[in-house]
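**Student:** Predicted model follows, preceded by the sequence.
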Amino acid sequence: MLSRIADSLYWIGRYVERADQTARILDVDLQVLAEDATRPAEDRLQEIHRMFGRPAAAAEDLTAQRTLDLLATDRSNPSSVAGSLLVARENARGAREVLSTEVWEALNTTRLELPRTVHPSRMHAFFRWSKDRCAVINGLVEASMVRDEAWLFLRIGQLIERIDMISRILQAHDLEDTDDGAVAVLLRTCSAHEAFIRAYRGQVSAARATEFLLLDSLFPRSIAHCLAELETALETLARLHGTAFDRLGTEDPARRAVGAALASLRYRRLGEVTGNLQDEMEHLQTAMRWISGALDTQYFSPQQGG
Amino acid sequence: MSGASLFSGYEPGGDGDEMIAADGTVRETYAGLHAGLTDLGVEEFGARSESLARSYLAQGVTFDYAGEERPFPIDAVPRVIAPEEWARVSVGIAQRVRALEAFLDDLYTEQRAIGDGVVPAELVSSSTYVVEAMRGYRPPNGVRIHISGIDLVRDGSGGFRVLEDNVRTPSGVSYVLSNRRAMTQTFPELFARYSVRRVDEYPGRLLRALEAAAPESAGGDPTVVVLTPGRYNSAYFEHSLLARTMGVELVEGSDLVVRNDRVYMRTTAGLQRVDVIYKRTDDDFLDPEVFRPDSMLGVPGLIRAVLAGTVVLANAVGNGIADDKLTYTYVPDLIRYYLREEPVLPNVDTWRLEEDHAREEVLDRLEELVVKPVDGSGGKGIVIGPRATRAELDELRARLVADPRGWIAKPIVQLSTIPTLVEDGPEPRHVDLRPFALNDGEDVWVLPGGLTRVALPRGEMIVNSSRGGGSKDTWVLAGERPTLVQVPTPTGVISRVDAAGTDEQLEDGDMDRDDERLAEPAPITAAIPMIVVEQPVDGATDQHATDPHPTDEEAR
């Protein structure tokens, strides 16, 4: 597969996931503004902006409408829902010959239907639509694409983005001084509330919620689950390229990074991880950047000899 | 035909309409379509037409214009071509391609045609399209024009004439494929009335023609790629569709690298060798070593690899001389010279000003002709007689006399129309036709159909997407009986063409066995609307390059 196309597929995976997760976060966190009047709305909005890498949002940006403008519908911001979907579609346009027609058309029609603005009273409809579109795209990727390199790069992009986003959500929802309500918000932001309730029979606590989001091996958005999937995907990719060996340990920098991250979650006490959650999540994000760089060196823009 | 039908308000505006004659009768070829559309009813037809447009939007069937991605409009009324007429078109196109192949081969090697006085030496020496680096080069299977698009128009007498030859990078075949797919999905019942010949074998045939062009070093399984300038090229949709339907990589210049005179593409598994490149870029941007050193595009060393015989470019570099607007005027002579046949499809009349009798005639009739400089591009320097002032014509006259070598002249040609759905219902709109041909070294195969382009704005004579042009699905009907197309030759060999479009050579004596002459198409005479027929604009092979019409005459 062409290096350039592999790169595009990886970014389609990342941006579709980013759009999906951003819609989930905004959907819950903006909803909470209405549900919970105990904290000033500006504080919550500031927190949302911080999560998306806008650390010092201007005072005039701290309204629901402005937040929607910037993070939901701004087409020029590749971190907004609309921006992510557009970048994904642009990448798909350059990689149409390896995507199935269904996946392409799902991305293309999504762009055609994107609203220019969304009013707070209609935002949930927009977020539902966004999540539905991402589900359609992901479903068609699963149902119509051969499990070859193209699919693997999409999947790897999706997993890296998901790990990155969940770790940011965990950072943003500081669990030190939280009540059960705040924990529920965290779980809902990760679309994990119902799954958690079933797993723990309804007893919400900050420690258990963190454990669930970090370590539950069955929940598809837990960090441990995503890391394990990522490890498998990287290994399959290496095997396709004839560079996987049937022994423990590897020279592949991406696989080493993901293995190290997984082991550090799996084999340490939970308290060690959660005791310094901010730094742990920072490390995880660094590891994802590192893996992304390693993929770039090896597959997307390798220094190839003749 | 039911009462208040789709076509009840239709005014063909003369006898130049392909569906409805001046007296209001429906031409035989279109009878089934006309009945089918009438049965659908006005509302249902409108709804289907809308759904057709929506499906194109969803699929992203677009062309890029000035950096903007626009949907390529498809009109819901198809064009229908009778089997007998197609047989002639098909033979005529193949004949033209064979002659142009012979011309290119000759030109880059022995130049016999110049020695024998068929074309003047200046044709070559004055052309900017001859690529010196390719002198003496012969492709492995001899083919230089793997893919061609020969533009045709129907003239006042109803027959097809050649408007221009495109043997560099003709585009538009993707719309032929997607138009058919969309039409069969949207109007299945219309197809039930006819036996329409399929177009979907094109990608497979294209791949085989490209594989057949591979150098011997490629072995039994050559690697073919499509080379695109990128997603901002006007025809990017097509590049992508062809790569997808052939199952080959779509590469950009930066994906390719030349090492030791071999071309490789950068893949996730390292460098992989490439044997055949279907290039969709202009020659000028192919290789900065040979063409434009300032170009950031292109693959350094690509031409060296071609000359070393390790890779083949389709179409060959340097083909521009064969679709040059002056060369066009010699094509009938080239057919006689190389093939010893008479041209099956006539040219649109063109006068070369350097010839005394032609110059005299043109100077007499300046106010009714179109005159353009041989080296002009993008419509530069064109004088449209009926539109020019007296002073402009006088100035032109002086320039023609001073430099006759630099000019050609053409009549204003009348173009046929086909009903086309606009807001108020079907109205006549002007069309042309670009059939596509593939040469695999054994045969020249002509795709049954081609791209019918339609000028959508009322009265617009320019069938160009950048002027709001659209397209129509083009139906070549399957015939029931073999049809004979006679290609007169000095040796008496004729080509027999059955309605399925395959042709074979017959010896003299076979003639009396099935001597069915080509049925003449229903004459289409004296169409009122006119179009200025012009030669291709340099480097604009992706667009139809007719020039602005002198007047804003309405279609009726």
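**Tutor:** Nice, I can see it.
**Student:** So which bits of stretch A:21-35 are buried?
**Tutor:** Across stretch A:21-35, burial judged by 16 or more other CB atoms under 10 Å in any protein chain shown covers A:21-30, A:32-33. Every residue, glycine included, has its C-beta placed from N, CA and C.
**Student:** did I read that right, B:Leu271 in a helix?
**Tutor:** No: assigned with DSSP: H, G, I helix; E, B strand; the rest coil, B:Leu271 falls outside any helix and is strand.
**Student:** give me the beta-bridge partners of it?
**Tutor:** Taking DSSP bridges as the rule, B:Leu271 bridges to B:Arg266.
**Student:** right, and it touches B:Asn260 too?
**Tutor:** No: B:Leu271 is not in contact with B:Asn260 according to CB atoms under 8 Å; the separation is 11.2 Å.
**Student:** which of these two has more neighbours?
**Tutor:** A count of neighbours by other CB atoms under 10 Å in any protein chain shown puts B:Leu271 above the other of B:Leu271 and B:Asn260, at 18 against 11.
**Student:** thought B:Gly41 was touching B:Leu6?
**Tutor:** Yes: at 7.3 Å, B:Gly41 counts as touching B:Leu6 under the criterion of CB under 8 Å.
**Student:** So between the two, which is more surrounded?
**Tutor:** When B:Gly41 is set against B:Leu6 and neighbours are counted by other CB under 10 Å, the residue ahead is B:Leu6, at 24 against 14.
**Student:** Show me where the stretch 451-556 of chain B dips below the pLDDT cut-off.
**Tutor:** Where the stretch 451-556 of chain B drops to pLDDT under 70, the residues are B:459-468, B:480-556.
**Student:** 90 instead, please
**Tutor:** Along the stretch 451-556 of chain B, segments meeting pLDDT under 90 span B:455-470, B:479-556.
**Student:** Mind jotting down where the strands sit in chain A?
**Tutor:** Counting by DSSP state E, one finds no strands in chain A.
**Student:** for chain B, what are the nearby residues on it?
**Tutor:** Within chain A, the positions lying close to chain B (CB under 8 Å from any CB of the partner chain) are A:1-6, A:93-94, A:96-97, A:101, A:104-105, A:108-109, A:112, A:149, A:241, A:298-300, A:302, A:304-306.
**Student:** Can you flag which of the residues you listed belong to helices?
**Tutor:** Among these, the members found in helices (DSSP state H) are A:3-6, A:93, A:101, A:104-105, A:108-109, A:112, A:149.
**Student:** Give the buried subset of the residues you listed as a ChimeraX selection command.
**Tutor:** Per 16+ other CB under 10 Å, the buried members of these correspond to this ChimeraX selection:
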select /A:3,4,5,6,93,104,105,108,109,149
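**Student:** Neighbours of A:Ser301, how many?
**Tutor:** When neighbours are counted by other CB under 10 Å, A:Ser301 registers 14.
**Student:** Quick check: the gap between it and B:Thr268.
**Tutor:** Taking CB to CB, to the nearest Å as the measure, A:Ser301 falls 11 Å from B:Thr268.
**Student:** what touches both of these two?
**Tutor:** Counting by CB atoms under 8 Å, 6 or more residues apart in numbering or on different chains, the residues touching both A:Ser301 and B:Thr268 are A:Ser3.
**Student:** elements contacting whichever strand in chain B runs longest?
**Tutor:** Ordering each strand of chain B by length in residues (DSSP E) puts strand B:425-434 first. Applying 3 or more CB pairs under 8 Å, 6 or more residues apart in numbering or on different chains; DSSP states H and E, we find strand B:425-434 packed against strand B:74-81, strand B:147-154, strand B:160-166, strand B:417-422, strand B:451-455.
**Student:** and the following helix or strand past the third one, C-alpha only, in CSV?
**Tutor:** I take that to be strand B:160-166. Next in sequence after strand B:160-166, counting helices and strands by DSSP states H and E, comes helix B:173-186. In CSV, the C-alpha atoms belonging to helix B:173-186 read as follows (Å, rounded to 0.1, in the frame of the first residue of the first chain):
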residue,chain,number,x,y,z
VAL,B,173,-15.0,8.4,-19.4
SER,B,174,-15.7,8.2,-15.7
TYR,B,175,-18.9,10.1,-16.3
VAL,B,176,-19.9,7.6,-19.0
LEU,B,177,-19.6,4.9,-16.3
SER,B,178,-21.2,6.7,-13.5
ASN,B,179,-24.0,8.1,-15.7
ARG,B,180,-25.0,4.7,-16.8
ARG,B,181,-24.9,3.3,-13.2
ALA,B,182,-27.1,6.2,-12.0
MET,B,183,-29.5,6.0,-14.9
THR,B,184,-30.1,2.2,-14.6
GLN,B,185,-30.8,2.7,-10.9
THR,B,186,-33.1,5.7,-11.4
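**Student:** Kindly calculate the angle that helix B:173-186 makes with strand B:74-81.
**Tutor:** Going by axes from the mean of the first three to the mean of the last three CA atoms, to 10 degrees, helix B:173-186 is angled at 100 degrees with respect to strand B:74-81.
**Student:** helices or strands up against the helix or strand just after helix B:173-186?
**Tutor:** Beyond helix B:173-186 in the direction of the C-terminus, DSSP H and E gives the next helix or strand as helix B:188-191. For helix B:188-191, the packing partners by 3+ CB pairs under 8 Å, 6+ apart come out as helix B:31-40, helix B:173-186.
**Student:** Looking at these, which is nearest to chain A?
**Tutor:** Between chain A and the helices and strands packed on helix B:188-191, the tightest spacing by CB to the nearest CB is seen for helix B:173-186, at 10.6 Å.
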